[in-house]
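>>> Output the structure for:
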Amino acid sequence: MKELNHSAVYVEATRTDIHDIVRTLVDAIGAPAVQQLAGTNDATAPHRWAHPDSTEPDTMTEQRLRLGYRVWLTLQPLEDPQAAVDWLMSPNRALDEERPMDFIARLHAQQVVNTAESLVTHEDRR
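Presented below is the predicted three-dimensional model:
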């Protein structure tokens, strides 16, 4: 298992091109999940944002997408992409039985990042 580097994950999530972030998230968790975490009702938006020659999301949506990417990068040491997707979509006791996706959509960065880090460092296996 790779060692978790909190600072490197943060830097990558803040500096990576937004189109690359959206493309990675769409490939990893699917466009409907990206739509949910971005907080948009437009089902075509994730595919549009993933295209490098297309428009970019508004500032608030970009913040949600970058947080989602940060959480996704944090989960990479799990080495099982489906386990990471399942974790994002499932109620979590550390998040008051809410889904991590919902915390991302509301930009509750500290709680969702800390919970993801606890998962991959085995401090809390849920």
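>>> From here on, just use CA atoms for contacts and neighbour counts.
Noted.
>>> Spatially central, which residue of this protein would that be?
The centroid of the chain falls nearest to G68 when counting by C-alpha atoms, centre = their mean (2.0 Å).
>>> Now do the contacts for the residue nearest to that residue when sequence neighbours are not counted.
Sequence neighbours aside, I104 is the residue nearest to G68 in space, at 6.1 Å (criterion: C-alpha to C-alpha, 6 or more residues apart in numbering). Counting by C-alpha atoms under 8 Å, 6 or more residues apart in numbering, I104 makes contact with 37, 64, 67-68, 112.
>>> Give me the phi and psi for E98.
In terms of degrees, to the nearest 10, the main-chain angles of E98 are phi -100, psi 160.
>>> what's the closest non-adjacent residue to it?
P91 (4.6 Å).
>>> hang on, the earlier thing: the residue nearest to G68: what secondary structure?
Here I104 is helix, with the state taken from DSSP: H, G, I helix; E, B strand; the rest coil.
>>> Just the pLDDT at it, thanks.
pLDDT recorded at I104 is 97.
>>> Model confidence score at the residue located most distally from the centre of the chain, please.
Here the chain reaches farthest from its C-alpha mean at D53, the gap being 22.6 Å by C-alpha atoms, centre = their mean. We have a pLDDT of 90 for D53.
>>> next one: phi and psi at it?
Phi and psi for D53, reported as degrees, to the nearest 10, are phi -100, psi 10.
>>> quick one on the thing from earlier: for the helix or strand hosting the residue nearest to the centre of the chain, buried residues please.
Taking DSSP states H and E as the criterion, the element that holds G68 is helix 59-75. Neighbour-count burial for helix 59-75 flags 61-75 (criterion: 16 or more other C-alpha atoms under 10 Å).
>>> With stretch 6-14 instead?
9-10, 13-14.
>>> Likewise for stretch 99-112?
So, applying 16+ other C-alpha under 10 Å, buried residues of stretch 99-112: 99-105, 107, 109, 112.
>>> what about stretch 99-111, how long is it end to end?
12 Å (C-alpha to C-alpha, to the nearest Å).
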